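Novice: compute the structure for the input listed below.
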Amino acid sequence: MARPYWSGTIQISLVQFAVKFFVATEAKSQIRFHQVSRSTGERVRHQKVLESTIENGGEEMSEQSATVGKDDIVKGYEYAKGKYILIEPSEIANLRVPSKHTIAVDQFVDESEIDPAFFEKPYFVAPDGEAQAEAFAVVREAMQKAGKVALGKIAFGGREHIVALMASKDDEGRGLMAYTMRYAEELRNPKEYFSDIPKVKVEEDQLELAEQLIKKKTAKFNPDKYKDGYEVALKELVDAKLHDEPIPVDEPQPKRAKVVNLMDALRSSLSGKPTDEGEDTPPPGKKSTKKEPAKKRSNVAEMPKREQASEPQRKKASASAKPAKTARRRSA
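Specialist: Okay, here's the model as predicted:
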């Protein structure tokens, strides 16, 4: 089993039991980039240097003396311009914060009461040893039956977080899930973004069709169905450059017409017949303004570059065509 990210105690009134937190997510990206010099192709490294070295253009000190080692770096609070109080790592480690060791549950709430925007990062929670399993299991099952979430605080990663504990939805139903949460002041006021949305009267027949469309598209959530398309495209780009093949580029998206008649769009969505792209749905009594399809472009423009005529060849062909054109004018 992986090493726990945090170990401590969950306390509910006089009931307490030791638990271990494990990070529930991991980065799965296979494409990792380094910063490289365009001119030399060498990897660029970052060094931590004294600010005075940058201000003086690096003339005062040698590169070796200007570079600051990791062990020589401490945190500093700027209490005045250019003046700092130094804080040692050991002083931060010994801060008096009870939630570093114990999650004291303040209250229980219904899961539906918590806006998903507050949830931040998930953790798996397991009892820390067999002796803790009984109390852990009793509390977990009681929370599951009541449909409640426990709220408390936990300190790690350089700050104190709100933490939500709930019964996990895994197949075996043995564990707890913990979610660190954002504070209310960290969320922007939605009124600033939603207040300008115009109020629209929703027609009953439109609403009924929309509900049918939602019902038609409803399916059981399968997280394995979703893949990172950006990651796939990056790998295609790297493979193309590695094997000296044409680089795949983003294709221009076709311009979609604005749908005038919402009812027609809803009916077409339910029937599975897509509306014609590039055509507005005309109001009753008016003819469609759909334009005739444009003539097919020359095949030359669609051919790969290696099959197109080169610039000198085009100039030569153009020059040879001019005398014939002049001769026709004279004969006329």
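
Novice: could you pull out the helices for the stretch 51-200 of the chain?
Specialist: Assigned by DSSP state H, counting those that start in this stretch, the stretch 51-200 of the chain shows helices spanning 51-55, 63-66, 89-93, 133-146, 191-194.

Novice: let me have these in JSON lines, adding mean neighbour count, mean pLDDT and distance to R43 as columns.
Specialist: Placement of C-beta: from N, CA and C, glycine included. Formatted as JSON lines, the helices of the stretch 51-200 of the chain follow (neighbours: other Cβ atoms under 10 Å; pLDDT from 0 to 100; distance: least, Cβ to Cβ, whole Å):
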{"stretch": "helix 51-55", "mean neighbour count": "11", "mean pLDDT": "75", "distance to R43": "22"}
{"stretch": "helix 63-66", "mean neighbour count": "11", "mean pLDDT": "60", "distance to R43": "17"}
{"stretch": "helix 89-93", "mean neighbour count": "10", "mean pLDDT": "89", "distance to R43": "30"}
{"stretch": "helix 133-146", "mean neighbour count": "15", "mean pLDDT": "95", "distance to R43": "48"}
{"stretch": "helix 191-194", "mean neighbour count": "8", "mean pLDDT": "93", "distance to R43": "42"}
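
Novice: can you list those helices in a markdown table and add distance to S268?
Specialist: Shown next, in a markdown table, are the helices of the stretch 51-200 of the chain (distance: least, Cβ to Cβ, whole Å):
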| stretch | distance to S268 |
| --- | --- |
| helix 51-55 | 62 |
| helix 63-66 | 67 |
| helix 89-93 | 61 |
| helix 133-146 | 44 |
| helix 191-194 | 29 |
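
Novice: can you say which of the ones you listed is nearest to T9?
Specialist: helix 133-146 (10.6 Å; Cβ to Cβ).

Novice: for the closest one, name the packing helices and strands.
Specialist: strand 15-23, strand 119-127, strand 159-167 (3 or more Cβ pairs under 8 Å, 6 or more residues apart in numbering; DSSP states H and E).

Novice: quick one: closest of those strands to V200.
Specialist: Here strand 119-127 is closest among these (Cβ to Cβ), at 30.1 Å.
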